[in-house]
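Sequence first, then the predicted structure, then my questions.
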Amino acid sequence: MIARYTLPDMARLFDDRARYTTWAHVEILASQAQADLGHIPARAVQDMRRARVPDPQRVAEIERERDHEVLSFLAAWCEDIPQPSARWVHHGMTSYDLVDTALGHTLARATDLLTAAALRLRRVLTGRALEHWDTVMAGRTHGMHAEPTTFGHKLATHAFAVDRSLHRLAAARRAVAVGTVSGSVGTYALIDPRVEEHVLAALGLAAEPAPSQVVARDRHAQLLQAVATLGACVEQIALELRLLQRTEVREVEEHRTGAYQGSSAMPHKRNPTTSERLCGLARLLRGYADTALENVALWHERDLAHQSVERVILPDSLCVGHYQVTRAADLVDSLTVDADRMRAHLDDTGGLLYSSAVLADLLAGGTEREHAYRSVQAAAHRTLAGGEDFGTALSAHGVRTGALDPQRYLAHHDVIRTRLEKLHELED
């Protein structure tokens, strides 16, 4: 992923040096287990521990000749391991015992970083939702005024969506925090299963229960689906804020620096660029998730078609998701909310968004439903056509009603607030 949409903590997990460091760690763990079992000399493990992790440039140099990254890594590493200890490196293992076990460890750590960012986003959303719980505004369906709601309620909806994504991420982490040290077709033909037990316990990973040569790729697909779903939840937040920032609405606004410039040609522009960027990144995440599904089906005990794909989609998905969620939390945390404008917009249609309460009053008073509906509808159409206040139009149609007050729609709102407070109190 390009640096523009990558944060340093996540990027460090996926660079070549970090990958080779993890590979060396896995090799040492496996060799230590082999030595403990008496299968290789203890001196060999000591020499491996003293060896430097090979420089990525040296690995690349060897790979240009060998066309095999794992063998090139091992060759570069063994340049710093004396003989005869070097002959015991990778003993009884196949390439993907190393690659997939290291990958499981890296993906678990990356998911932890993403989870921490999502927890912060949930916390920011619940905090601002409670702050604006009583900030009344027009609810909109199909882009049109519907009934009164509050900005806090709107943010609460997004907070619970992020919370559901956190549960999906937790399940996906369990799925990918898996490794295997089981040999060329997963039968432990040349390696003791106790080696795998030692390696995976040290890394905090579970074992692939019935391995082939690789860890099953439905696991990685599950992770990228969870990341994409979280990205879609962020997109929904960002899309809502984009819509509320339109010139004719202007109920919220992204934070601006004093030097902000929105257009090279139009000095007045204050564009919702952060929200737009977050929406765009969600499209990438969905693409990565779809591609991960293509990697599930491999030939027999494995083929290599998935590898080139994963080199792109796994780091990119985690980097983009982490960036997107982090920036979404920043956006909501610094958002300017115009409560007065929200309240004023309730009257934009002359009280039409109270029509459901008027209808309910007529029905409660014994009016036949079709007649009640048509009477209220006719008054609403009169208001829309002539700009007449809805209450006046209702009177003209013989409908008597009490005060049109948004608080009537919020009589049971505290039920939702109680749920929100419980979510807000959860530990990050």
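Structure received.

Can you report phi and psi for residue 98?
phi -80, psi -50 (degrees, to the nearest 10).

Surely residue 376 touches residue 361?
No - if you go by Cβ atoms under 8 Å, residue 376 and residue 361 don't touch, sitting 9.6 Å apart. Yep, even glycine has a C-beta here, placed from its N, CA and C like the rest.

Neighbour count: these two, which is higher?
A count of neighbours by other Cβ atoms under 10 Å puts residue 376 above the other of residue 376 and residue 361, at 27 against 17.

Now do the contacts for that one.
355, 358, 359, 362, 394, 399 (Cβ atoms under 8 Å, 6 or more residues apart in numbering).

The stretch 151-300 of the chain: helices as residue ranges?
Remark: helices assigned in the stretch 151-300 of the chain by DSSP state H, counting those that start in this stretch are 151-176, 193-203, 218-244, 273-294.

picking up where we left off before, can I get the contacts of residue 376 in CSV including pLDDT, secondary structure and neighbour count?
Output for these, formatted as CSV (pLDDT from 0 to 100; DSSP: H, G, I helix; E, B strand; the rest coil; neighbours: other Cβ atoms under 10 Å):
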residue, pLDDT, secondary structure, neighbour count
355, 91, helix, 22
358, 92, helix, 24
359, 91, helix, 19
362, 89, helix, 21
394, 85, helix, 26
399, 83, coil, 19
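
and which of those residues is nearest to residue 85?
Nearest to residue 85 out of the contacts of residue 376 is residue 355 (Cβ to Cβ; 82.7 Å).

isn't the closest one right up against residue 381?
No - contact criterion Cβ under 8 Å: residue 355 and residue 381 do not qualify, at 10.8 Å.

Which residues does the worst-scoring helix or strand of the chain on mean pLDDT contact?
None of the helices or strands of the chain scores lower by mean pLDDT, DSSP states H and E than helix 390-396, at a mean of 86. Helix 390-396 has contacts (Cβ under 8 Å, 6+ apart) with 349-352, 354-355, 358, 376, 379-380, 382-383, 388, 400-401, 404.

same deal with stretch 227-244?
114, 118, 121, 125, 154, 158, 161-162, 164-165, 168-169, 172, 249-252, 254, 272, 274-276, 278-279, 281-282, 285-286, 288-289, 317-318, 320-321, 324-325, 328, 331-332, 335.

Tell me which helix or strand the nearest residue to residue 58 once chain neighbours are set aside sits in.
Distances taken as Cβ to Cβ, 6 or more residues apart in numbering place residue 76 nearest to residue 58, at 4.7 Å, with adjacent residues excluded. For residue 76, the enclosing helix or strand under DSSP states H and E is helix 69-78.

Tell me the gap between that helix and the middle of its chain.
Offset of helix 69-78 from its chain centre (Cα atoms, centre = their mean, to the nearest Å): 35 Å.

got a pLDDT number for the closest residue to residue 161 other than its chain neighbours?
In space, and not counting its chain neighbours, residue 161 is closest to residue 233: 4.4 Å by Cβ to Cβ, 6+ apart. Note for residue 233: predicted pLDDT of 98.

Measure how buried residue 233 is and give me the count.
Residue 233: 24 neighbours (other Cβ under 10 Å).

Quick one: residues contacting residue 356.
Per Cβ under 8 Å, 6+ apart, neighbours of residue 356: residue 147.

after the helix or strand hosting it, next one along is what?
Take DSSP H and E as the rule and residue 356 turns out to sit in helix 355-364. Sequence order places helix 369-386 as the next helix or strand after helix 355-364, per DSSP H and E.

how far off helix 355-364 does that next one point, in degrees?
Between the axis of helix 369-386 and that of helix 355-364 there is an angle of 150 degrees, by axes from the mean of the first three to the mean of the last three Cα atoms, to 10 degrees.

State the mean pLDDT of helix 369-386.
On average, helix 369-386 scores 91.

Buried residues, it. List them.
372, 375, 376, 379, 380, 382, 383 (16 or more other Cβ atoms under 10 Å).

can you check stretch 418-428 too?
420, 423, 424.

Touching, the last one and residue 127? I think so.
Think residue 424. Yes - between residue 424 and residue 127 there is a contact at 6.6 Å, judged by Cβ under 8 Å.

so how far is residue 24 from the residue nearest to residue 58?
Plainly put, residue 76 is 10 Å away from residue 24 if you go by Cβ to Cβ, to the nearest Å.

Repeat that for residue 150.
Taking Cβ to Cβ, one finds residue 150 at 55 Å from residue 24.

before we move on, what about residue 347?
68 Å.

So for these two, which sits in the more crowded spot?
Remark: of residue 347 and residue 24, residue 24 carries more neighbours, 22 against 14, as counted by other Cβ under 10 Å.

was I right about that one contacting residue 59?
No - judged on Cβ under 8 Å, residue 24 makes no contact with residue 59 at a distance of 11.4 Å.

Next, the buried residues of the helix holding residue 76.
So for helix 69-78, counting by 16+ other Cβ under 10 Å, buried means 69, 70, 72, 73, 74, 75, 76, 77, 78.

Tell me the one of those nearest residue 205?
residue 70 (18.8 Å).

Number of residues surrounding the residue nearest to residue 174 when sequence neighbours are not counted?
Nearest non-adjacent residue to residue 174, counting by Cβ to Cβ, 6+ apart: residue 206, 7.6 Å away. Neighbour count for residue 206, taken as other Cβ under 10 Å: 15.
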